[in-house]
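A.B. asks: I would like to see how this sequence folds:
(one chain, ligands or ions: 1)
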Amino acid sequence: MIKKLMAANWKMFKTWEQATQTARELIVAIGQDLPSDREVLLIPPFTALRGVSETLAGQKGYFLGGQNFYPAKEGAFTGEISPAQLIDAGCRFALVGHSERRHVLGEKDEFLAHKVFYGLDNKLKIILCVGEKIQERKKGLVEQVLTSQLEKGLEKIDRNVSALDLVIAYEPVWAIGTGETAVNEDIVQVHSFIRKKLKDFLDHGEQIRILYGGSVKPDNCGSIIWLDNVDGVLVGGASLKADSFSRIVQA
Ligand code: PGA
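C.D. replies: Below is the predicted model:
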């Protein structure tokens with residue numbers, strides 16, 4: 001059974017001490033009650049990876065991820081981090097193409113495609129994030145934008161990629177950090193569209209997990225998580241506190 005992935009993206013928040021403390025509190029809050037169909041993924045800032053990794057050691061069902069990486073083994077890339085360094089710090093997963101990387105840091109589809117390929121080739125499980133901006137939604141371009149982001153983002157990888165190694169996160173840009181969530185009908189419609197595209201592009205498209213992200217909270221997660229083709233959530237703001245994220249994990 002492929003489990004639902006409950007991912008916490010801590011972005012540029014938390015010191016080493018705060019991150020390890022939140023991870024500890026989360027483990028205590030969830031205790032023995034991590035549902036057997038769930039996996040928890042913590043994605044702290046780089047400086048806290050090692051500390052959170054040590055906190056998660058021996059905890060079944062908990063994983064660590066990196067928010068970003070540069071697609072090279074090593075070299076003169078000041079300020080960047082490699083897949084091998086993420087793995088060395090305890091990561092199994094990494095995000096690629098988060099909306100803030102696309103729209104604040106200016107990463108383009110071609111570069112993201114290379115990162116997807118390179119990360120997978122270097123033993124990371126990749127979460128490729130896609131999502132439309134509000135203007136694109138208003139113009140009726142959601143399917144066009146997602147088709148383009150998926151087609152380009154996945155173009156360099158093997159059709160035969162394992163469903164355990166690739167995850168897609170649908171995060172409408174207008175719902176990230178705004179308190180606005182897509183309505184359930186829209187989530188179902190978009191996730192079913194993404195599923196269809198994944199089946200077109202990949203051999204195991206039926207099993208690849210599709211996460212929803214964008215203002216997921218303890219009180220809306222319970223309805224989102226059971227929608228068709230929703231295989232988990234990617235949570236920013238509401239994942240920063242153990243109490244709130246533990247309720248999301250168990251929703
Ligand atoms: P949010 O962020 O939950 O704060 O909307 C989601 C994300 O950016 O992954």
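A.B. asks: Show me which residues of the stretch 1-150 of the chain sit near the ligand.
C.D. replies: Residues of the stretch 1-150 of the chain found near the ligand (Cβ under 6 Å from any ligand atom) are Asn9. All C-beta spots, glycine's among them, are computed from the backbone N, C-alpha and C.
A.B. asks: can we see that at 8 Å?
C.D. replies: Taking Cβ under 8 Å from any ligand atom as the contact definition, the stretch 1-150 of the chain meets the ligand at Ala7, Asn9, Lys11, His98, Ser99, Glu100, Cys129.
A.B. asks: Strands - which of those residues land there?
C.D. replies: Among those, the residues falling in strands (DSSP state E) are Ala7, Asn9, Cys129.
A.B. asks: re earlier: I'd like the residues of the stretch 1-150 of the chain next to the ligand written out as CSV, with pLDDT and distance to Ser239 added.
C.D. replies: Shown next, in CSV, are those (pLDDT from 0 to 100; distance: Cβ to Cβ, whole Å):
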residue, pLDDT, distance to Ser239
Ala7, 98, 8
Asn9, 98, 7
Lys11, 98, 9
His98, 97, 14
Ser99, 96, 16
Glu100, 96, 15
Cys129, 98, 15
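A.B. asks: got the CA coordinates for stretch 153-172 in CSV?
C.D. replies: Output of stretch 153-172 as CSV, limited to C-alpha atoms (Å, rounded to 0.1, in the frame of the first residue of the first chain):
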residue,chain,number,x,y,z
GLY,A,153,9.1,19.0,-15.4
LEU,A,154,9.0,15.3,-16.2
GLU,A,155,10.4,15.4,-19.7
LYS,A,156,13.9,14.2,-18.7
ILE,A,157,13.0,11.3,-16.5
ASP,A,158,12.4,7.6,-17.3
ARG,A,159,8.7,6.7,-18.1
ASN,A,160,9.3,3.8,-15.8
VAL,A,161,10.1,5.9,-12.6
SER,A,162,8.9,4.1,-9.5
ALA,A,163,5.8,5.4,-7.7
LEU,A,164,7.9,5.4,-4.5
ASP,A,165,10.3,7.9,-5.9
LEU,A,166,8.2,10.6,-7.4
VAL,A,167,5.5,12.7,-5.8
ILE,A,168,3.5,15.6,-7.3
ALA,A,169,2.3,18.5,-5.2
TYR,A,170,-0.6,20.6,-6.5
GLU,A,171,-0.4,24.0,-4.9
PRO,A,172,-2.4,26.7,-6.4
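A.B. asks: That stretch vs the ligand: in contact?
C.D. replies: Yes: judged by Cβ under 8 Å from any ligand atom, stretch 153-172 comes into contact with the ligand through Ala169, Glu171.
A.B. asks: and that stretch, how far from the chain's centre?
C.D. replies: 12 Å (Cα atoms, centre = their mean, to the nearest Å).
A.B. asks: got the buried residues for that stretch?
C.D. replies: If you call a residue buried by 16 or more other Cβ atoms under 10 Å, then stretch 153-172 has these buried ones: 153-154, 156-157, 161, 163, 165-172.
A.B. asks: Just those: which are in strands?
C.D. replies: Secondary structure defined by DSSP E assigns Leu166, Val167, Ile168, Ala169, Tyr170 of the buried residues of stretch 153-172 to strands.
A.B. asks: and which of those is nearest to the ligand?
C.D. replies: Using Cβ to the nearest ligand atom, Ala169 comes nearest to the ligand of those, at 7.1 Å.
A.B. asks: give me every residue that touches the closest one.
C.D. replies: Ala7, Leu95, Ile127, Leu128, Cys129, Val130, Ile210, Leu211, Tyr212, Gly213, Leu234 (Cβ atoms under 8 Å, 6 or more residues apart in numbering).
A.B. asks: Adding neighbour count, write those out as JSON lines.
C.D. replies: Listed next are the contacts of Ala169 as JSON lines, based on neighbours: other Cβ atoms under 10 Å:
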{"residue": "Ala7", "neighbour count": "28"}
{"residue": "Leu95", "neighbour count": "25"}
{"residue": "Ile127", "neighbour count": "28"}
{"residue": "Leu128", "neighbour count": "23"}
{"residue": "Cys129", "neighbour count": "26"}
{"residue": "Val130", "neighbour count": "26"}
{"residue": "Ile210", "neighbour count": "22"}
{"residue": "Leu211", "neighbour count": "25"}
{"residue": "Tyr212", "neighbour count": "29"}
{"residue": "Gly213", "neighbour count": "26"}
{"residue": "Leu234", "neighbour count": "26"}
